[in-house]
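[1] build the 3D model from these lines:
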Amino acid sequence: MSETISTVSTCPSEQEPAALERENQRLLEENERLLRELGEQAQERLRAQQMQAELGEELTHFAYVVSHDLKAPLRGIRLISEWLCEDYGDRLGPEAKEQIALLQNRVNRVHSLVDGVLQYSRIGRVKENPVAVNLSELLPLLIETVAPPAHIRIALAPNLPTLTGEKTRIIQVFQHLLTNAVKFMDKPGGQIDVSCVEEAGHWRFAVADNGPGIDAKHFERIFRLFQTLASKEEQESAGVGLTLVKKIVELYGGKIWVESEVGRGSTFYFTFPKTVAGGS
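    Numbers count the residues shown, from 1 in each chain. Have a look, this model is predicted:
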């Protein structure tokens with residue numbers, strides 16, 4: 001019995017070159033379309049950055065104008081209230097004196113709000129040349145400026161590092177954290193500790209206190225602008241300090257968070273890079 005062996009041709013058909021050419025053409029057109037889209041997206045990002053820069057300049061200018069225009073009448077109100085107390089203090093009753101004191105406190109609070117908005121608008125826009133800041137030398141001087149009362153002790157860990165950055169911004173971070181710890185201290189023997197540990201690529205700082213503590217539900221809120229946990233009657237706080245600290249820390253590529261328990265104090269942690277690209 002004879003068998004017929006059939007063979008399958010492996011030669012490409014005449015249609016394959018045309019199909020490959022069409023596919024190559026389609027891919028070329030797709031690449032051109034993607035390149036056009038990437039170019040348009042790059043131009044859009046550039047326009048957005050330019051608009052953001054222009055808006056930032058306008059906001060900074062606006063903050064300066066508002067600051068100037070609001071501070072003048074505030075100073076006037078403060079002076080008038082002081083004159084009333086000096087010239088008519090002996091004629092004013094307890095209730096009138098209490099109302100004038102309340103007025104002065106409110107004026108001071110609005111003044112702090114205006115200053116806070118101005119400082120917030122300057123961060124990242126008004127730059128200083130980066131310098132080496134030796135914290136072991138800076139923080140003792142800063143503590144004198146904060147001037148804690150006699151019942152509050154601020155302790156600094158030995159061998160604190162030297163940071164490179166804008167000195168004013170570094171001062172603001174520690175000043176606001178220390179000032180807050182002192183302002184809200186509710187213990188007769190107040191204790192505030194500043195420490196630092198070295199980690200990969202950055203320093204991790206801690207500012208711990210044995211004050212009233214913070215409920216966990218407020219951990220995010222306290223870093224928002226104009227948010228404060230104390231009532232206005234208890235503390236004339238503008239609610240700007242921690243927002244400024246957060247913006248400065250994040251400007252340098254760090255992060256900030258708080259660990260706390262009501263009645264058992266708070267610890268504010270933040271990171272700062274060992275090297276700062278471009279100075280800030």
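
[2] quick check: buried residues in the longest strand seen in the chain?
    Counting by DSSP state E, the longest strand found in the chain is strand 190-199. For strand 190-199, burial by neighbour count (16 or more other CB atoms under 10 Å) applies to G190, Q191, I192, D193, V194, C196. Any C-beta I mention is one placed from the backbone N, CA and C, and that applies to glycine too.

[3] can you tell me which of those residues is nearest E16?
    Closest approach to E16 among those (CB to CB): C196, at 69.0 Å.

[4] what's the spacing between the most centrally placed residue in the chain and E137?
    Most central in the chain under CA atoms, centre = their mean is K247, positioned 1.6 Å from the mean C-alpha point. Computed as CB to CB, to the nearest Å, the K247 to E137 distance reads 25 Å.

[5] any idea which helix or strand carries the residue nearest to V110 when sequence neighbours are not counted?
    With sequence-adjacent residues excluded and distances taken as CB to CB, 6 or more residues apart in numbering, V110 is closest to L74, at 6.0 Å. L74 is part of helix 15-88 when elements are defined by DSSP states H and E.

[6] let me see the mean pLDDT of that helix.
    Mean pLDDT, helix 15-88: 75.

[7] repeat for stretch 183-197
    95.

[8] buried ones in stretch 134-153?
    Buried residues in stretch 134-153, counting neighbours by 16+ other CB under 10 Å, are found at L135, L138, L139, L142, I143, V146, P148, I152.

[9] return the member of the residues you listed nearest to Y269.
    Nearest member of the buried residues of stretch 134-153 to Y269, counting by CB to CB, is L135, at 15.7 Å.

[10] for the residue nearest to that closest one when sequence neighbours are not counted, which three-state class applies?
    Spatial nearest neighbour of L135, chain neighbours left out: L160 (3.9 Å); criterion: CB to CB, 6+ apart. At L160 the chain is in coil, as set by DSSP: H, G, I helix; E, B strand; the rest coil.

[11] tell me the spacing between L160 and L138.
    Distance of L160 to L138, given as CB to CB: 9 Å.

[12] what of P149?
    Counting by CB to CB, the gap from P149 to L138 is 22 Å.

[13] any regions of the stretch 151-280 of the chain where pLDDT drops low?
    225-239, 277-280 (pLDDT under 70).

[14] what ranges do the helices span in it?
    Using DSSP state H, counting those that start in this stretch, the helices found in the stretch 151-280 of the chain span residues 167-183, 241-251.

[15] how about the longest one: buried residues?
    It refers to helix 167-183. Neighbour-count burial for helix 167-183, counted by 16+ other CB under 10 Å, picks out 167, 169-182.

[16] name the helices or strands packed onto that helix?
    If you count contacts as 3 or more CB pairs under 8 Å, 6 or more residues apart in numbering; DSSP states H and E, helix 167-183 packs onto strand 131-134, helix 135-146, strand 152-156, strand 190-199, strand 202-209, helix 241-251, strand 266-273.
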